[in-house]
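**Q** attaching a predicted model along with its sequence, questions to come.
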Amino acid sequence: MSSSTQNRRRQVQRLALTGVGSAVLLVGIAPTAGAATGVVIPLEPSEVALTAFPVENVGGAMDPMADPDAGAFTPVPVQYSGSITVDLPAELDGSGAVDVQLVFADEDGNGSPDATYDSSDLAVAATAGSVTVTLPADDPIAGDDATLTVEPITDTLGPALTFYDPVYYELGFVPTGDPGAPAAQTVTPELVAYSQVPCGVTTGDRCPFPTPVTVGSAVTLDLTASSVLRELGLSDLTGVLVGLEELDNRGFPTGAAPVELTAQVNGSTASVVIPADTAPGAYFLVVAQQTPSGATSELNVEITVIAEEAAPVVPPAAAPTTSAAPAVVNAGLRSNTGVEVVETGSAGTVAVAAGAGMLVLAGVGGVAVARTRRRPAAEGGTCA
């Protein structure tokens, strides 16, 4: 599967895997509940996607912490009828690279390349460590800018690490003999290993369970003993760079350079603190490290930064109140319920009212019991 040729530094650096699923279609993520402090994240990607970074096109090695708009994209100067040799990283094998294409840009604006050459037109010498291509003579119908692609290229690493074709370079042609370019040009792409946790880098969907991290808290990154990143020669996290990169509502980087964080490294672990002024939302922790062979490992940890939970406000306990016990009138045959036999001619309205009041109090008491079953029942009067 081939990667699309990019014409800007940041696109080459960070979106080189567009063709293999790193530019993903994203789904909504449910908000994370609860605080998440003291988080430990194992650096154990399920897969690693390898690509060849054309350092000569961007004027230097791949910089994961670079400003996305910094730097210029410059074609590699070559001569017509000259040659170009691609010296491959040690982890790659180019002995089977029999498919080479040279596509000249559409400079006349008709919607198609000005000229296209392939392996049937160009002499190709492929070995395990390099591929040399003899370039065509000056073509009067073509411009001077072209894209060179070389494939298939394989890797010599384990099954969890996969190289995605092709190796590509942007070339700028000058006339034969022009001192502006050597007759035999050599380029040396850098191997870049992209990975992601907790979901794979080529899953094609946004990770539905990013790791929640509370703002202002520490995060520990752990290069575990079983991590496939160790196949790149990484034995610990010495020299690791960690940056915090904001994502938009689709899960893509917003375009701002990652904010580099201070990493406290202890062997195979490194700790960083999420800045206290970080706005809640989706982020990548960009974990970058150079391997002993000169390759770059870039692992993106997708996290959700959440605000620190405020301490719950507990209202002061109300002072206990005691209700005055209802007066008990029990003279003679009077009832505690307030209902009595009224003698003819006597006024019984007070007794009836007292009985109604007891019924109302009974109703209120029922509500009180329903609201809190731990309050002891009030002692009532006893009937004589």
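**A** Yep, that arrived.

**Q** now stretch 50-61: mean pLDDT?
**A** Mean pLDDT, stretch 50-61: 90.

**Q** distance check, T37 against D236.
**A** 25 Å (C-beta to C-beta, to the nearest Å). C-beta here means a position set from N, CA and C on the backbone, and glycine is covered the same way.

**Q** can you give me the helices for this protein?
**A** Remark: helices assigned in the chain by DSSP state H are 9-14, 55-58, 349-371.

**Q** ranking those helices by mean pLDDT, which is last?
**A** helix 349-371 (a mean of 32).

**Q** so what's E302 up against?
**A** 196-199, 207, 210-211, 247, 251, 282-284 (C-beta atoms under 8 Å, 6 or more residues apart in numbering).

**Q** also E44?
**A** Counted by C-beta under 8 Å, 6+ apart, E44 has contacts 197, 224, 226-228.

**Q** swap in D222?
**A** 40-43, 268-269.

**Q** got the domain ranges for this protein?
**A** 9-24+50-189, 194-306, 330-371 (automatic domain parsing).

**Q** flag the shaky bits of the protein, pLDDT-wise.
**A** 1-35, 67-71, 204-205, 310-384 (pLDDT under 70).

**Q** how does it look with 50?
**A** Within the chain, the stretches with pLDDT under 50 are 1-35, 328-384.

**Q** still on that earlier bit, of the contacts of E302, which belong to strands?
**A** 196-197, 211, 282-284 (DSSP state E).

**Q** which one of those sits closest to A276?
**A** Y283 (14.5 Å; C-beta to C-beta).

**Q** could you give the bridge partners of that closest one?
**A** E246, I303 (DSSP bridges).

**Q** how near is it to I306?
**A** Counting by C-beta to C-beta, the gap from Y283 to I306 is 11 Å.

**Q** more crowded one of these two?
**A** The neighbour comparison of Y283 against I306 (other C-beta atoms under 10 Å) goes to Y283, with 26 against 20.

**Q** measure that one to F163 for me?
**A** Taking C-beta to C-beta, one finds Y283 at 28 Å from F163.

**Q** S120 now?
**A** 25 Å.

**Q** quick one, which of these two is more surrounded?
**A** F163 (24 against 7).

**Q** pretty sure that one sits against L88.
**A** No. Using C-beta atoms under 8 Å, F163 is not in contact with L88; the gap is 10.1 Å.

**Q** shared neighbours, those two?
**A** 52, 153.

**Q** picking that back up, and the two most separated of the contacts of E44?
**A** V197 and S226 (13.4 Å).

**Q** the two: who's more crowded?
**A** V197 (24 against 8).

**Q** surely that one meets L43?
**A** Yes. V197 lies in contact with L43 (C-beta under 8 Å); the separation is 6.8 Å.

**Q** what residues are shared contacts of those two?
**A** 299, 301.

**Q** not counting sequence-adjacent ones, nearest residue to A282?
**A** Leaving aside its sequence neighbours, A282 sits nearest to L247 (C-beta to C-beta, 6 or more residues apart in numbering; 4.1 Å).

**Q** what separates that neighbour from P42, distance-wise?
**A** L247 is 21 Å from P42, by C-beta to C-beta.

**Q** looking at the two, which one has more neighbours?
**A** Between L247 and P42, counted using other C-beta under 10 Å, L247 has the larger neighbour count: 20 against 14.

**Q** can you give me the strands in the stretch 1-150 of the chain?
**A** 39-42, 48-53, 76-79, 83-87, 92-93, 99-104, 115-118, 124-126, 130-134, 145-151 (DSSP state E, counting those that start in this stretch).

**Q** quick one, what contacts the spatially closest residue to E170 that is not a sequence neighbour?
**A** Take E170 and drop its neighbours on the chain: the residue closest to it by C-beta to C-beta, 6+ apart is P75, 4.6 Å away. With contact set as C-beta under 8 Å, 6+ apart, P75 has these partners: 57, 145, 170-172.

**Q** closest to Q264 out of the residues you listed?
**A** Nearest member of the contacts of P75 to Q264, counting by C-beta to C-beta, is N57, at 35.4 Å.

**Q** from G172, how far out is the closest one?
**A** The value you get for N57 to G172, if C-beta to C-beta is used, is 10 Å.

**Q** shared neighbours, those two?
**A** Joint contacts of N57 and G172 (C-beta under 8 Å, 6+ apart) are 74-76.

**Q** out of these, which is nearest to P140?
**A** Closest to P140, out of all of the shared contacts of N57 and G172 and judged by C-beta to C-beta, is P75, at 19.7 Å.

**Q** over to that closest one: give its phi and psi.
**A** phi -60, psi 150 (degrees, to the nearest 10).

**Q** tell me who's in contact with the nearest residue to L232 once chain neighbours are set aside.
**A** In this structure, L232 finds its nearest non-sequential neighbour in T291, 4.6 Å apart by C-beta to C-beta, 6+ apart. For T291, the contacting residues are 193, 232-234, 297, by C-beta under 8 Å, 6+ apart.

**Q** please apply the same query to V48.
**A** Contacts of V48 (C-beta under 8 Å, 6+ apart): 160-162, 193-195, 201, 228-229, 232.

**Q** now with 10 Å?
**A** 155, 157-158, 160-163, 193-196, 200-202, 227-229, 231-232, 297, 299 (C-beta atoms under 10 Å, 6 or more residues apart in numbering).

**Q** beta partners of it?
**A** Here V48, judged by DSSP bridges, has bridge partners L161.

**Q** for it, give its distance to A72.
**A** 29 Å.

**Q** likewise for L135?
**A** Relative to A72, and taking C-beta to C-beta, L135 is found at 23 Å.

**Q** next: S293.
**A** 27 Å.

**Q** can you check L223 too?
**A** In terms of C-beta to C-beta, L223 sits 35 Å off from A72.

**Q** likewise V265?
**A** The value you get for V265 to A72, if C-beta to C-beta is used, is 33 Å.

**Q** out of those two, which sits in the busier spot?
**A** Between V265 and A72, counted using other C-beta under 10 Å, the more crowded position is V265 (15 against 9).
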